[in-house]
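Visitor: Build me a structure from this.
(one chain, ligands or ions: 2)
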Amino acid sequence: MSDYLSSEQNVAVAAVRRACKLTTSVFNNLVKGETLVKGDKSPVTVADFSAQAVINTILLRAFPHDPIIGEEDASDLRTNELLRTRVVDLANEALSEKPNVEAGEEPSWGIGQKWGADDLLAAIDKGNYEGGRSGRMWTLDPIDGTKGFLRGGQYAVCLALLVDARVELGVIGCPNLPLDPSSPDGARGALFVAVRGHGTHQLPLFPTLSADHTHIPLRMPTLALSQLRFLESVEKAHAALDTNARIAEVLGVTEAPARMDSQAKYAALARGDGNGGVYLRLPTGVGYREKIWDHAPGSLLIEEAGGIVSDSRGQSLDFGLGRTLGENFGVVAAGKAVHAQILEAIKGLGGAPGI
Ligand SMILES: Nc1ncnc2c1ncn2[C@@H]1O[C@H](COP(=O)(O)OS(=O)(=O)O)[C@@H](OP(=O)(O)O)[C@H]1O
Ligand SMILES: [Mg+2]
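Guide: Ligands and ions are numbered 1, 2, ... in the order given. Next up, the predicted model:
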């Protein structure tokens, strides 16, 4: 682990690990359980709120002066007692587990104890920061890829620290991502940590041995266009998949795209899964603004693994605009060798809808 932001890394890793344990247990108990009616989103709702309560509680105690841009707010919990009780119980289960001192956890982070409902709701609401161009701030997506979570597919717990609108630390927990991409049926649960200037590393999300704390450095492979495989969203509503197919044709990419929910795509790309090579996310129409928490940690994972992330016109992503990024720009994440050619192909097609 690098010395730069070492206590922030420790805190963020511990917080994301605890939240991922919680979401995994919600999935195993509620989503897989036979009681779930098709279309019932309540497990993802409780998991979302309680994961944000856990992470914000820890951040608040470890770095009391840092604001947080979080996806959720607690207003629904103030009016729904049943939901509130479930969230408080789940968050306390995750927070009260005693600090793992060997893994660098500290009791002063509010762990190893239970919290009252008021404290936990206030912690969730601490995620209401509007963002901006100056100072330190965290951004959190407690469950990115909610649809993937419900399907038992990919989802991610995503946390980043920004300083003066630049992402300095990105931590992404992917409970369902195979630890070793060459054994897709092997152990699942991978954790990714990127620190500006110090690379992107992978470690097991749920360590059992002390050797599991070893950080493995990630480097994106250098691929030619003909070897590329596109990584893209599962949901047609979230990205212009038809445009992706046209761009693939222009570039001579023949491999069928890999579809994956959530920022797990950035993580998979950073470690070169399945000949990944490009994550294309072009808007489906006019008006949608991408959220800061959907791209801040993932983009640093790519950059620190040697790749480039830009909007579809080649500009770097601007994280200083508030809770969202600019309108209708799309995201192109790829290895250095092919990024410019992909931008050319997008331009050649006259951009994407809404660009
Ligand atoms: N219309 C539209 N356009 C673009 N993006 C949208 C749109 N609607 C939602 N979202 C955001 O997409 C997040 C999930 O994106 P994914 O990359 O996981 O795609 S997908 O799950 O395969 O759909 C998803 O994140 P979560 O809400 O955290 O799941 C949303 O923030
Ligand atoms: Mg999201």
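Visitor: Counting neighbours, what do you get for the residue in the stretch 101-250 of the chain positioned nearest to ligand 2?
Guide: Across the stretch 101-250 of the chain, the shortest distance to ligand 2 (Cβ to the ion) belongs to Asp144, at 3.6 Å. In short, each C-beta sits where N, CA and C put it, glycine included. Residues contacting Asp144 under the criterion other Cβ atoms under 10 Å number 27.
Visitor: doesn't Tyr266 make contact with it?
Guide: No. Asp144 lies out of contact with Tyr266 (Cβ atoms under 8 Å); the separation is 10.0 Å.
Visitor: any idea how far whatever residue of the stretch 251-355 of the chain ends up closest to ligand 2 is from ligand 1?
Guide: The minimum distance from the stretch 251-355 of the chain to ligand 2, using Cβ to the ion, falls at Asp294 (4.4 Å). With the distance defined as Cβ to the nearest ligand atom, to the nearest Å, Asp294 ends up 5 Å from ligand 1.
Visitor: Next up, the contacts around that residue.
Guide: Asp141, Asp144, Cys158, Gln263 (Cβ atoms under 8 Å, 6 or more residues apart in numbering).
Visitor: Of the residues you listed, which pair is most distant in space?
Guide: Greatest spacing in the contacts of Asp294, by Cβ to Cβ: Asp141 and Gln263 (7.4 Å).
Visitor: contacting residues around the residue in the chain that ligand 1 sits nearest to?
Guide: Proximity of the chain to ligand 1 (Cβ to the nearest ligand atom) peaks at Glu235, 2.8 Å away. Glu235 is in contact with Lys147, Asp261, counting by Cβ under 8 Å, 6+ apart.
Visitor: Buried residues in the strand ranked longest in the chain, which are they?
Guide: With secondary structure taken from DSSP state E, the chain has its longest strand at strand 166-178. Residues of strand 166-178 classed as buried by neighbour count (16 or more other Cβ atoms under 10 Å): Val167, Glu168, Leu169, Gly170, Val171, Ile172, Gly173, Cys174, Pro175, Asn176, Leu177, Pro178.
Visitor: Settle this for me: the second one is touching Val195, isn't it.
Guide: When you say that, I think you mean Glu168. Yes. The pair Glu168 / Val195 is scored as a contact, 7.1 Å apart, by Cβ under 8 Å.
Visitor: joint contacts of these two?
Guide: Leu5.
Visitor: what's the following helix or strand after the lowest-mean-pLDDT helix or strand in the chain?
Guide: Of all the helices and strands that make up the chain, strand 276-281 has the lowest average by mean pLDDT, DSSP states H and E, namely a mean of 88. Following strand 276-281 in sequence order, the next helix or strand is strand 289-291 (DSSP states H and E).
Visitor: Strand partners (parallel or antiparallel) of that next one?
Guide: Applying DSSP bridges to the sheet, strand 289-291 is found paired with strand 324-327 (antiparallel).
Visitor: Buried ones in the partner strand, by neighbour count?
Guide: Leu325.
Visitor: Run through the neighbouring helices and strands of whatever helix or strand comes next after that strand.
Guide: On the C-terminal side of strand 324-327, the closest following helix or strand by DSSP H and E is strand 331-335. Judged by 3 or more Cβ pairs under 8 Å, 6 or more residues apart in numbering; DSSP states H and E, the packing partners of strand 331-335 are helix 264-270, strand 276-281, helix 296-304, strand 307-310, helix 336-348.
Visitor: Near ligand 1, which residues of the stretch 101-250 of the chain are found?
Guide: Asp141, Asp144, Gly145, Thr146, Lys147, Gly148, Ser233, Val234, Glu235, Ala237, His238 (Cβ under 6 Å from any ligand atom).
Visitor: Can you name the residues bridging to the first one?
Guide: Residues in a beta bridge with Asp141, per DSSP bridges, are Cys158.
Visitor: How many neighbouring residues does it have?
Guide: Neighbour number of Asp141 under other Cβ under 10 Å is 31.
Visitor: now swap in the last one and tell me
Guide: Using other Cβ under 10 Å, His238 has 18 neighbouring residues.
Visitor: just checking, it touches Pro283?
Guide: No. Assessed by Cβ under 8 Å, His238 is found out of contact with Pro283, at 9.3 Å.
Visitor: And the strands in this protein, which stretches?
Guide: Counting by DSSP E, the strands of the chain are 68-70, 136-144, 156-163, 166-178, 188-195, 199-204, 216-218, 229-232, 258-259, 276-281, 289-291, 307-310, 324-327, 331-335.
Visitor: Quick check: which of those strands is nearest to Asp48?
Guide: Short answer: strand 136-144, nearest of the strands of the chain by Cβ to Cβ, at 4.9 Å.
Visitor: what angle sits between that closest one and helix 296-304?
Guide: Interaxial angle of strand 136-144 relative to helix 296-304 (axes from the mean of the first three to the mean of the last three Cα atoms, to 10 degrees): 100 degrees.
Visitor: Let's see strand 136-144 as PDB, backbone CA atoms only.
Guide: Taking Å, rounded to 0.1, in the frame of the first residue of the first chain, the C-alpha atoms of strand 136-144 are listed here in PDB:
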ATOM      1  CA  ARG A 136     -11.900  17.300  -0.200                       C
ATOM      2  CA  MET A 137     -15.100  15.300  -0.700                       C
ATOM      3  CA  TRP A 138     -16.100  11.700  -0.900                       C
ATOM      4  CA  THR A 139     -18.600  10.200  -3.400                       C
ATOM      5  CA  LEU A 140     -20.500   7.000  -2.700                       C
ATOM      6  CA  ASP A 141     -22.800   4.700  -4.700                       C
ATOM      7  CA  PRO A 142     -23.800   2.100  -2.100                       C
ATOM      8  CA  ILE A 143     -25.100  -0.300  -4.700                       C
ATOM      9  CA  ASP A 144     -24.200   0.500  -8.300                       C
END
